[in-house]
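Colleague: Okay, predicted coordinates and the sequence, questions at the end:
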Amino acid sequence: MKVFAGFDINGQTHELGIEPHQLLIEVLRDHLGLTGTKHSCGVGNCGACTVLVDGVPVLACMTLALAVRGKRILTIEGLAGGPELHPLQRAFVDLGAIQCGYCTPGMILTAKALLDRNPAPTAAEVREALAGNICRCTGYVKIVEAVLAAAEKMRGREVAP
Amino acid sequence: MSGEFAVVGTRIAQPDGPAKATGEAVFAGDVRLPGMLIGKVLRSPYANALVRSIDISGAAALPGVVCVLTPDDVTDWNTFDRGMKDMPLIAGGYRIPPEEAVVNRHPRHFGDAVAAVAAVSEHVAEQALALLAVEYEQLPFVLDPEEAIKPGAPQVSPEAPGNIGKHLTYPFPSGDVEQALAEADVVVEGSFRTPKQEHCTQETAASVAYVDSAGRLNVYSQCQLAHLARRELAHIFKMPVHKVKVLTPFIGGSFGQRGSLCAEPLAAALALTSRRPVRLVFSREDHFTSLESRTGFKRVTVKMGFKRDGTLTAIKTDMLGFLGAYMACGPMASVIGMSLVMGLYRCDNRAGEADMVMTNTPPSGAMRGFGNEVMSFAVEQLMDEAAERLGMDPVELRLMNAKHQGDVAPFGLNLESTYLEDCLRLGGRAFGWRPKAEITSAAVEKGVAETKGGPRVRRGVGMCAMNHCSGAAPLYLEHSNAIVKFNEDGSVNLTVHPAPVGSHIWGALSQICAEELGIRAEDVNIVTGDTDVTLFEYGSDASRSTYAIGGATKRAAQQAKEQLLAFAAEKLDAQVEDLEIRDGVVYVAQAPDRSCPVGDLCYDAIYSFGGHATNFAGKQSFEPEWNSPIYGAYFAEVEVDTLTGRVKVPRFVTAMDCGTAINPMSVEGQIEGGLQQGLGYALTENYAIDPQTGVVQTTNYDSYKVPGSMDMPESTVLIVDEPDPKGPFGAKGVGEPGMVGIAPAIANAIYDAVGVRMREVPITPEAILAALADQDRE
Amino acid sequence: MYRLLTPFDYFEPQSVREAVELLARFGHRARVIAGGTDLVISMKKRQLTPECLIALAGLEELRFIEFDPVAGLRLGPLCTHAEIARSPLVREHFGMLATACNEVGTPQVRNMGTIGGNLCKAGPSQDTPPPLVALEAKLRLLGPQGERVVPLDQFCTGPFCTVLSSDELVVEILIPPLPPGGAGCYKWFTKVTVTDETLAGAGVVVVRGPGDVCADVRIGLGSVAPMAIRARKAEALLRGNRPAPGLVWEAAERAAQEAEPRSRAAYRRHLVKVLVNEAITELWPLTADLPGGLG
């Protein structure tokens, strides 16, 4: 039985007919074509499908779509909000924190939620915040560096050379 | 060394970075086509069985189901070898049955495909799968390679008598090993065991296929070897090669697994049957149960002989590996491991052999390191043991036996550049490596409760050396191509077909191209991903892309540059030899006022009314005859909790002689990523098969644990930036080596900490405690 | 495992009363969904295919963290693990619970999963039951017949089994305050990686009484039995005695014997011994500095 529900995704409202058993990841990828949210493990271990719901990182592959209607949903496509990359995206690109790129959207969104809560994290705090996002390419080294560099930039200072 | 280059050696951002950071990058599973169906695969729940019948009536009647494929429906097509490795090899080309069918009447392992469906949505496809009723006849099976080679064991394949899939010998034997061992002053030996390891690409295997109105089969493929995939797909579906087009989207990790066909044959079969586009995305469970994982070895026995002064005189190895139910790429892991590790040190007497055994388990194949990690785990621990017996520092023992320029390298070629010594010294200095006695006395002081005889948590340090290859010449086909075309604004299009698996290869090739042409890397557009457009490319494996495709790129750029300079010489009234290109401008040497932007020259040549119109372009085929070995040294610090057996690795240093680092940031990234996979291999990743049933027990990340951000050590990467005479601008390949030396360095550090030799990976806490208990008893 | 779910009816009750009515109406055909982190996986695996889901997420009345020095801590079952782990009240008064909540799953799972859902799942390998059992937490249940309060160690009856009837909801988790001189901690050991499931967990409360003896001790063990258990024989060894190292070790060994692990049994038992020993050794000196700790 379809339910018509309003979704606030990346600042836009979408009225969609949704079946109760549909997951948020289906709505994003299949209804709206927002394929930046990735599917990987399906059991809540890898973080590839992470999106922000009211600013909090949650897993789109384990969230019922109807459960988040009316809430603010941010996917990777909505992060930059314009042609300029978000400082986190910029830092990930410039510092080599992206290899295959499949974990990148979830990684960046998880990092955004961290920096919103804690604008000056330590490397250990970054590692802790990213503990639910598996990366098989980078060893996390450049990812942690990029998050720290973006944090510094977002705090209004220049990135160290 | 990079000082002499303008573009090479700089830490440029990757051209595909923004697309990946914004979600714009299209991976196979992101492809959406009008009318597209979703495919799903039904897999065997048994280790060995025959499909007696499949009742498809329930599934076929379900609204939205467009096609169901059973073994009866695929008999017109050819069976195939997913490893596609039937080209000549030094070790003997092979394409050995049993080959697979698209779906199998005789599933030979848990997870083997027996049927597939395509439906209008994933929901319907999942429902249809649940409605397929299969009647199986279970057959006897064998899982353990040692059991499999015993007389009377169930036969995995009639074509592999005694279940010996392949017997291989070390291709470059020398001397008389037995005699050398008999005459050696010190002999060390050990038997080791290494597991399957799943690649755990973050994107699961996926493919989209459709038949276009011209009757051509179009396949979005993650295959690292796109042109070989095209050839193999043409073979399977009995089509001429030109009727198949392979498209390469972004690939969410590969690490060797996509060196074989994965989802492509099934997606193509469903598309050919339904005549609709079909997207097939494997689940994580599909991955663990059906794709190739790292070739495991039940037993690797190594014997090494030394003179009293530390000279290595003999290495003898004997390997028993398991291939699983299909041959795929697995057998080569033994030959590559033997060749690389026995080629690391000077040693006059070398021999080795391997039995690669077929079992009713998911197939084995290539994964980063491809056998080198296995032999390194064995040999580098024995080197450590020998150092102790000889009273030498482990670094010094390696230094005194290391090969030098002019020695014969692995794979039988002459060594032209090796800086292992630099790696050992540089890495050792950064790590704070000291002679053994000092380390042991300075170590150890931590812990909550004291156990008898010392602190609860003990620190230790360990190291190892490594060499790997840049491509696999002369073992594998080595053939790369590149086209470099100037545009009228002075930018170029570089047409190549590496696999965009995340190795920063687009950036590296654009840097090589830009350096050769004297332009900026951002003015190189990469044209790729379509076998209709690209020239033949063997592909991206064996750490070869920068080295071999880079070699083709440099040569093609050089050819295009020659045309440009000839044209410029005429324009600038100068000799070609006097011209040089810097920052996109052609200058006449000693006459800086005589110059012309590259863009103007290209424009004039293209928009020419004088009967001399030309588009500068170079096209070069390149077949490297070398594999310029890369060298590395690894240093690990560990903390072993003697009460719980848990091993922590707080610190790791890797020093790598990778030739010229085209982009040091990318080189570091490969080595840092290798550390994650090596750490998992050493300590956490335990691919488990139920010994009673053959059911794969680790099928997702909840049971198979890859290291997360909090598991990683502090990592230091040092690059020995010395150019190789053969690689493009001196580069060697660096894709795999990062992973290879991790486990042996950790194992050696564990010995240093608690005095037990761990012969099996992953090294579990229980195994540590058992070894400590044995030590107590002795 | 499948990637998607099969259809079900979906209800979002606007009050606890309405939720209970729905449960009474659908009984076993319904499942309650809170954070969904466990339920959705079970549904993807088709281990559960409920006809209808009753979603509690909108019930703000089930989301609270309150502390009273006499009554103790009152937790709404819809509080997520992340909320509890970060709560200053919880951290101040029941740090061991905050620690345990911070060990559940990954950060994302902690943001989604609720303590009520976690307790109702009653899985053997969970982090919150060992400290809660040691803290003698109680659950307030509401059903059509009214309310009842059940101690947590009587709530679970086996792996994935509880006394909760199909028409009841957990509406509150009550944790009595620690007695004077009491301190607690949670110690755990993961299966493989840092964020992995817990292989053995111990929530321990120690109370120092007059005469510098252990007036009370409560040892909750997790992941080493079909459900979280109290190691009561080990507790009895310590109660009324000075926890000298030898005695602590003996009690830890006793606790290990009380464990009934299924897989990796010997090793899990060994870990129980290590963890219990570590917890008590660490806690005892702390209790000396607490008000009322010296008799």
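Modeller: Cool, got the structure. Residues are numbered from 1 along each chain as shown, chains lettered A, B, ... in the order given.
Colleague: now the stretch 101-250 of chain C, which segments are flagged as low pLDDT?
Modeller: For the stretch 101-250 of chain C, no stretch has pLDDT under 70.
Colleague: near chain A, which residues of it show up?
Modeller: Along the stretch 101-250 of chain C, the residues adjacent to chain A under the rule Cβ under 8 Å from any Cβ of the partner chain are C:105-109, C:111-112, C:194-195. Quick note: C-beta positions are derived from backbone N, CA and C, even for glycine.
Colleague: switch to 6 Å and redo it
Modeller: C:106-109, C:111-112, C:195 (Cβ under 6 Å from any Cβ of the partner chain).
Colleague: okay, those in a markdown table with distance to chain B, neighbour count and secondary structure next?
Modeller: Listed next are these as a markdown table, based on distance: Cβ to the nearest Cβ, whole Å; neighbours: other Cβ atoms under 10 Å in any protein chain shown; DSSP: H, G, I helix; E, B strand; the rest coil:
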| residue | distance to chain B | neighbour count | secondary structure |
| --- | --- | --- | --- |
| C:T106 | 8 | 26 | coil |
| C:P107 | 10 | 26 | helix |
| C:Q108 | 12 | 29 | helix |
| C:V109 | 11 | 24 | helix |
| C:N111 | 16 | 23 | helix |
| C:M112 | 16 | 28 | helix |
| C:T195 | 5 | 23 | coil |
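Colleague: Pull the most distant pair out of these.
Modeller: C:M112 and C:T195 (14.7 Å; Cβ to Cβ).
Colleague: before we move on, which element is the residue most central in space within chain A in?
Modeller: The residue lying closest to the centre of chain A (Cα atoms, centre = their mean) is A:L109, at 2.6 Å. Using DSSP states H and E, A:L109 sits within helix A:104-117.
Colleague: what sits against B:P97?
Modeller: B:E159 (Cβ atoms under 6 Å, 6 or more residues apart in numbering or on different chains).
Colleague: which element is it on?
Modeller: With DSSP H and E as the test, B:P97 turns up in no helix or strand.
Colleague: Closest residue of chain A to chain B?
Modeller: Going by Cβ to the nearest Cβ, chain B is nearest to A:G36 of chain A, at 1.9 Å.
Colleague: can you give me phi and psi for that residue?
Modeller: phi -70, psi -20 (degrees, to the nearest 10).
Colleague: And the one 3 residues further on, by the same measure?
Modeller: A:H39 adopts backbone torsions of phi -100, psi 130, taken as degrees, to the nearest 10.
Colleague: re earlier: quick one: the residue of chain A closest to chain B and A:L79 touch, right?
Modeller: No: with contact defined as Cβ atoms under 6 Å, A:G36 and A:L79 do not form a contacting pair (9.1 Å).
Colleague: show me the contacts for the spatially closest residue to B:G162 that is not a sequence neighbour.
Modeller: Closest residue to B:G162 apart from its sequence neighbours, by Cβ to Cβ, 6 or more residues apart in numbering or on different chains: B:I149 at 6.0 Å. By Cβ under 6 Å, 6+ apart, the residues touching B:I149 are B:162-163, B:357.
Colleague: Can you name the residue of chain A nearest chain C?
Modeller: For chain A, Cβ to the nearest Cβ, closest residue to chain C: A:G132, 2.7 Å.
Colleague: Name the helix or strand for that residue, please.
Modeller: With DSSP H and E as criterion, A:G132 is part of no helix or strand.
Colleague: Give me the phi and psi for it.
Modeller: According to degrees, to the nearest 10, A:G132 has phi -100, psi 10.
Colleague: Pull the number of nearby residues for it.
Modeller: For A:G132, the number of neighbouring residues by other Cβ atoms under 10 Å in any protein chain shown comes to 25.
Colleague: I figured it was touching C:T106, is that so?
Modeller: Yes: shown here, A:G132 and C:T106 form a contact pair, counting by Cβ under 6 Å, at 2.7 Å.
Colleague: Find the residue ranges of chain A scoring beneath the pLDDT cut-off.
Modeller: Scanning chain A for pLDDT under 70 picks out A:157-161.
Colleague: all helices of chain A, in order?
Modeller: A:24-26, A:87-94, A:104-117, A:123-129, A:141-154 (DSSP state H).
Colleague: B:A767: which of those helices is closest?
Modeller: helix A:123-129 (26.9 Å).
Colleague: Show me how far that closest one is from its chain's centre.
Modeller: Distance, stretch centre to chain centre, for helix A:123-129: 16 Å (Cα atoms, centre = their mean, to the nearest Å).
Colleague: Now look at it and say if it contacts chain B.
Modeller: Yes: interface with chain B: helix A:123-129 contributes A:R127 (Cβ under 6 Å from any Cβ).
Colleague: ok, and for that helix, which residues are buried?
Modeller: Within helix A:123-129, the residues that qualify as buried are A:125-129, counting by 16 or more other Cβ atoms under 10 Å in any protein chain shown.
Colleague: Output the contacting helices and strands for it.
Modeller: Helices and strands touching helix A:123-129, as assessed by 3 or more Cβ pairs under 6 Å, 6 or more residues apart in numbering or on different chains; DSSP states H and E, comprise helix A:141-154.
Colleague: which residues does the residue nearest to the centre of chain A contact?
Modeller: Contacts for A:L109 were tallied using Cβ under 6 Å, 6+ apart; they are A:50, A:52.
Colleague: can you give me how far the lengthiest strand in chain C is from the chain middle?
Modeller: Longest strand in chain C, counting residues (DSSP state E): strand C:198-209. Distance of strand C:198-209 from its chain centroid, counting by Cα atoms, centre = their mean, is 12 Å.
Colleague: again, but for stretch A:8-24
Modeller: 17 Å.
Colleague: Can you name the residues in contact with that stretch?
Modeller: A:2-7, A:31, A:60, A:63, A:65-66, A:68, A:72-73, A:78, C:5, C:7-8, C:10.
Colleague: So how do I select the buried members of these in PyMOL?
Modeller: A single PyMOL command selects the buried members of the contacts of stretch A:8-24 (16+ other Cβ under 10 Å):
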select buried, (chain A and resi 5+7+31+60+63+65+66+68+72+73+78) or (chain C and resi 5+8+10)
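Colleague: does the residue of the stretch 151-300 of chain B found nearest chain A sit in a helix, a strand or a coil?
Modeller: Closest approach between the stretch 151-300 of chain B and chain A, counting by Cβ to the nearest Cβ: B:G252, at 3.1 Å. Assigned state for B:G252: coil (three-state reduction, DSSP: H, G, I helix; E, B strand; the rest coil).
Colleague: in the stretch 51-200 of chain C, what residue is nearest chain A?
Modeller: Here the stretch 51-200 of chain C gets closest to chain A at one residue, C:T106, 2.7 Å apart by Cβ to the nearest Cβ.
Colleague: isn't that residue right up against C:T193?
Modeller: No: using Cβ under 6 Å, C:T106 makes no contact with C:T193, being 10.6 Å away.
Colleague: Residues of chain B that sit close to chain C?
Modeller: Residues of chain B lying near chain C by Cβ under 6 Å from any Cβ: B:122-123, B:126, B:285, B:643-644, B:684, B:705, B:708, B:710-711, B:766.
Colleague: typed the wrong thing, it's chain A
Modeller: Looking at chain C, the residues of chain A close enough under Cβ under 6 Å from any Cβ are A:20-21, A:42-44, A:47, A:50, A:56-59, A:62, A:67, A:131-132.
Colleague: Tell me which two of those residues sit farthest apart.
Modeller: Within these, two members stand farthest from each other by Cβ to Cβ: A:P20 and A:A131, at 31.5 Å.
Colleague: What parts of chain C come near chain B?
Modeller: Where proximity means Cβ under 6 Å from any Cβ, the interface of chain C facing chain B comprises C:1-2, C:4, C:192-196, C:267, C:274.
Colleague: about what we covered before: what pLDDT does the model give the residue nearest to B:G162?
Modeller: On pLDDT, B:I149 comes in at 97.
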